[in-house]
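> need a structure here:
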Amino acid sequence: MDRDGDGDNVYLQKSTEYRDEIKSMILARGIDCHPMLIDDDKLSLIGEHNTMNYVVRTRWRDTHRCGPEDVQKLAACLMNREMEYVAFFVNPIGYTDRAKSDAARLNVNLCITDNVVDKIEEQARLWPQTRKESTSTNVVYLKGVEFYDNGKPKSIEEATIKLKK
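Here you go, the predicted structure:
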C-alpha cells in the first residue's frame with residue numbers, strides 16, 4: 001500500500017477501524033478494554049482481566065506480515081512501566097518467522113483477528129502461575145541508542161542486552 005500523502009490517511013483510518021473492531025470483540029466477551037496512547041501509538045488497547053493487566057497492540061495490514069520491529073517496539077515500551085502487563089500483538093495477516101522468534105523471546109503473545117480474545121482469556125487463566133518474579137530477566141533489542149558510560153557519551157549501532165529487575 002502507498003503510505004505517502006493520502007495513503008497515510010487511508011492507512012490510519014483502516015488501522016483505527018481495525019483497533020475498534022478488536023476492542024468490540026474484547027468487550028463483547030465481557031473483558032475490560034479501552035484505547036490508550038502508549039508511547040505515541042494510538043493503536044493500543046489496555047485493560048484488566050482476572051487481575052491480569054494487558055496491552056493489545058493492533059496493526060492493520062492488507063498485504064504483508066508484521067515483522068520483528070513491531071514486536072520489539074511493543075516489548076520495549078512495556079519494560080519501563082510500573083505495572084506488569086501481558087503483551088498481545090494482533091493483526092489480520094500474520095507474522096514473519098523472525099517476529100515469531102522475537103515474540104517468544106520477549107514474551108509477546110502474537111494473535112490474529114480470530115484468536116485474540118481466546119488468547120487473552122487463556123493468559124488470564126494462566127496468570128497466577130506465569131506471573132514474573134521481581135528477579136526476572138528481560139531482553140531488550142536496541143538500535144541507534146546513545147548512553148553515558150562514566151560520564152562519556154557512547155553510541156550503540158545495534159545490540160541485544162539483558163536487564164535484571
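> What's the separation between residue 19 and residue 59?
Residue 19 sits 9 Å away from residue 59, taking CB to CB, to the nearest Å as the criterion. Bear in mind the C-beta positions are built from the backbone N, C-alpha and C, glycine included.
> quick one, which of the two is more surrounded?
Between residue 19 and residue 59, counted using other CB atoms under 10 Å, residue 19 has the larger neighbour count: 21 against 18.
> Show me whatever sits in contact with both of residue 19 and residue 59.
Common contacts of residue 19 and residue 59 (CB atoms under 8 Å, 6 or more residues apart in numbering): residue 43.
> Doesn't residue 61 belong to a strand?
No - assigned with DSSP: H, G, I helix; E, B strand; the rest coil, residue 61 falls outside any strand and is coil.
> okay but it is in contact with residue 92, surely?
Yes - between residue 61 and residue 92 a contact is recorded at 6.4 Å, counting by CB atoms under 8 Å.
> The helix or strand containing residue 46: which residues count as buried?
Using DSSP states H and E, residue 46 maps to strand 41-49. Neighbour-count burial for strand 41-49, counted by 16 or more other CB atoms under 10 Å, picks out 43-47, 49.
> and the protein, what are its domains?
For the chain, the structural domains run 6-131, 133-165, going by automatic domain parsing.
> and those domains, which is most packed in?
Across those, averaging neighbours per residue (mean count of other CB atoms under 10 Å) puts domain 6-131 on top, at a mean of 16.
> Relative to the whole chain's centre, how far out is that one?
5 Å (CA atoms, centre = their mean, to the nearest Å).
> and the host helix or strand of residue 128, C-alpha only, in CSV?
In this assignment (DSSP H and E), residue 128 forms part of helix 116-130. What follows is helix 116-130, C-alpha atoms only, in CSV (Å, rounded to 0.1, in the frame of the first residue of the first chain):
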residue,chain,number,x,y,z
VAL,A,116,-7.1,-12.5,20.2
VAL,A,117,-9.9,-12.8,22.7
ASP,A,118,-9.3,-16.5,23.3
LYS,A,119,-5.6,-15.8,23.9
ILE,A,120,-6.4,-13.0,26.4
GLU,A,121,-8.7,-15.4,28.3
GLU,A,122,-6.1,-18.2,28.2
GLN,A,123,-3.3,-15.9,29.6
ALA,A,124,-5.7,-14.6,32.3
ARG,A,125,-6.3,-18.2,33.4
LEU,A,126,-2.5,-18.9,33.5
TRP,A,127,-1.7,-15.5,35.0
PRO,A,128,-1.2,-16.6,38.7
GLN,A,129,1.2,-19.4,37.6
THR,A,130,3.1,-17.4,34.9
